[in-house]
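Engineer: structure for this input, please:
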Amino acid sequence: MNSKECTLCGSKADLFYSKSKIYNICRNCKGIHLESKFYLNHTNEKLRYETHNNDVEDPNYQNFVSPITSSILKDFHTHHIGLDFGAGTGPVISKVLQDNNYQIHQYDPFFHPNDELLNNSYDYIACCEVIEHFHNPNKEFQLLHKLLNDNGKLYIMTDMYSPDLNFDKWYYKNDPTHVFFYQTQTIEHIAKSFNFSDFTIDNRLIVFSK
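Structural biologist: The predicted model follows:
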């Protein structure tokens, strides 16, 4: 796909920021994407993730993901089946939920590459600090919608961009594996285009309902 096309909706994108790297902003969905020539290759991307110190027993780490885990504990029960999508090296969401007798599976293309899980469907999906890594967000959101059962929910945590932020100084862009950033209009586009019935945004927590 041409780097001047949005990787989420395929619409034309304009130059947004250009210093050491180049980012474009979509005219339609307002998503901000890093030009693909700046993506890390698979090996270096995995090495970057392996530097994350994600101890599932760490109370601070458990508290960090609590917007997702608390919501799932409130919205679903132990007989429901969940998926920790992009679980990474330290699947803390799974740890917290399993400690509460919830049934949740881990999928991650680097660390839990069990593609069989993508043939099933789930009552809820947790996606914490993942969507900003999507090289092809259109493909990934199609998949996430397909994986959800009717009346299911997709719980996402990410830092969203807004025009009042100084992108040049915004820490979130400095992670070399962060390649796509979302604004409120981007979330609205996802809800409409991928046929979610509803969505909410509460600080860093985004919840799509099917």
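Engineer: can you list contacts of stretch 119-127?
Structural biologist: 68-69, 72, 75-76, 80-86, 93, 104-105, 144, 146-149, 151-157 (Cβ atoms under 8 Å, 6 or more residues apart in numbering). Using the backbone N, CA and C atoms, a C-beta is placed for each residue, glycine as well.
Engineer: all strands for the protein, in order.
Structural biologist: 13-18, 22-26, 32-34, 81-85, 103-107, 122-128, 148-157, 180-181, 198-202, 205-209 (DSSP state E).
Engineer: in JSON lines, list these along with mean pLDDT, distance to residue 170 and mean neighbour count.
Structural biologist: Shown next, in JSON lines, are the strands of the chain (pLDDT from 0 to 100; distance: least, Cβ to Cβ, whole Å; neighbours: other Cβ atoms under 10 Å):
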{"stretch": "strand 13-18", "mean pLDDT": "95", "distance to residue 170": "10", "mean neighbour count": "15"}
{"stretch": "strand 22-26", "mean pLDDT": "97", "distance to residue 170": "11", "mean neighbour count": "20"}
{"stretch": "strand 32-34", "mean pLDDT": "97", "distance to residue 170": "10", "mean neighbour count": "24"}
{"stretch": "strand 81-85", "mean pLDDT": "98", "distance to residue 170": "25", "mean neighbour count": "24"}
{"stretch": "strand 103-107", "mean pLDDT": "98", "distance to residue 170": "29", "mean neighbour count": "20"}
{"stretch": "strand 122-128", "mean pLDDT": "98", "distance to residue 170": "20", "mean neighbour count": "25"}
{"stretch": "strand 148-157", "mean pLDDT": "97", "distance to residue 170": "17", "mean neighbour count": "20"}
{"stretch": "strand 180-181", "mean pLDDT": "98", "distance to residue 170": "9", "mean neighbour count": "24"}
{"stretch": "strand 198-202", "mean pLDDT": "97", "distance to residue 170": "18", "mean neighbour count": "13"}
{"stretch": "strand 205-209", "mean pLDDT": "98", "distance to residue 170": "18", "mean neighbour count": "20"}
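Engineer: now those strands in CSV, with distance to residue 6?
Structural biologist: Below are these laid out as CSV (distance: least, Cβ to Cβ, whole Å):
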stretch, distance to residue 6
strand 13-18, 5
strand 22-26, 4
strand 32-34, 6
strand 81-85, 22
strand 103-107, 25
strand 122-128, 20
strand 148-157, 19
strand 180-181, 9
strand 198-202, 19
strand 205-209, 19
